[in-house]
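>>> how does the following fold in three dimensions:
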Amino acid sequence: MYRPGPINMKKMISLLMSPEGMGVLVIGGGMVALRKCMHFKGADITLISEEIVPGIEDAAGNVIKKKVTAAEIKGLMSGYDIIIAATNDAAVNSEIRDEALRAAFMSIPPTEEGSC
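You can find the predicted model right below:
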């Protein structure tokens, strides 16, 4: 069983998959979220964020404009295959990752410098 903790980047692996037909939840609405949506083109993407950058509504099939609280994270994940943390808050991204991994989802953290 996965136990959340520090990520050892030396033990990360590349994973190739087709996003066609997958349910993807992106939490966050900035440039990282936009880039992640573009990586998963062809998937059924739902994005949740209070604020969004231009282009996200075209990249994600379903955009829900609302702030996500830590207490809501677990309840939002049901029905998706992949969870993507892409907020501008490292603590929230860590909570999303940890909760997704506890629930046996594939979780993808943001890749900007200084993020989790």
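>>> show me where pLDDT drops low in the protein?
Within the chain, the segments meeting pLDDT under 70 span 1-13, 106-116.
>>> helices of that one, start to end?
31-39, 56-59, 73-76, 90-102 (DSSP state H).
>>> mind putting those helices into TSV with mean neighbour count and distance to residue 49?
Using the backbone N, CA and C atoms, a C-beta is placed for each residue, glycine as well. Output for these, formatted as TSV (neighbours: other C-beta atoms under 10 Å; distance: least, C-beta to C-beta, whole Å):
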stretch	mean neighbour count	distance to residue 49
helix 31-39	19	7
helix 56-59	17	8
helix 73-76	15	12
helix 90-102	19	11
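>>> want to throw those into CSV with distance to residue 84?
As requested, these are exported to CSV (distance: least, C-beta to C-beta, whole Å):
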stretch, distance to residue 84
helix 31-39, 5
helix 56-59, 12
helix 73-76, 12
helix 90-102, 8
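>>> what's the closest non-adjacent residue to residue 37?
Nearest residue to residue 37, sequence neighbours excluded (C-beta to C-beta, 6 or more residues apart in numbering): residue 59, at 3.7 Å.
>>> how far away is the one you found from residue 30?
12 Å (C-beta to C-beta, to the nearest Å).
>>> residue 26 is in contact with residue 44, correct?
No - applying C-beta atoms under 8 Å, one finds residue 44 not in contact with residue 26, separated by 11.5 Å.
>>> what's stretch 69-86 in contact with?
Outside stretch 69-86, the residues that touch it by C-beta atoms under 8 Å, 6 or more residues apart in numbering are 22-30, 32-33, 36, 40, 43, 46, 48, 68, 92-97, 99-100, 103, 105-110, 116.
>>> who does the residue nearest the centre of the chain bridge with?
Centroid-nearest residue in the chain: residue 84, 1.1 Å away (criterion: C-alpha atoms, centre = their mean). Bridge pairing for residue 84 (DSSP bridges) gives the partners residue 26, residue 108.
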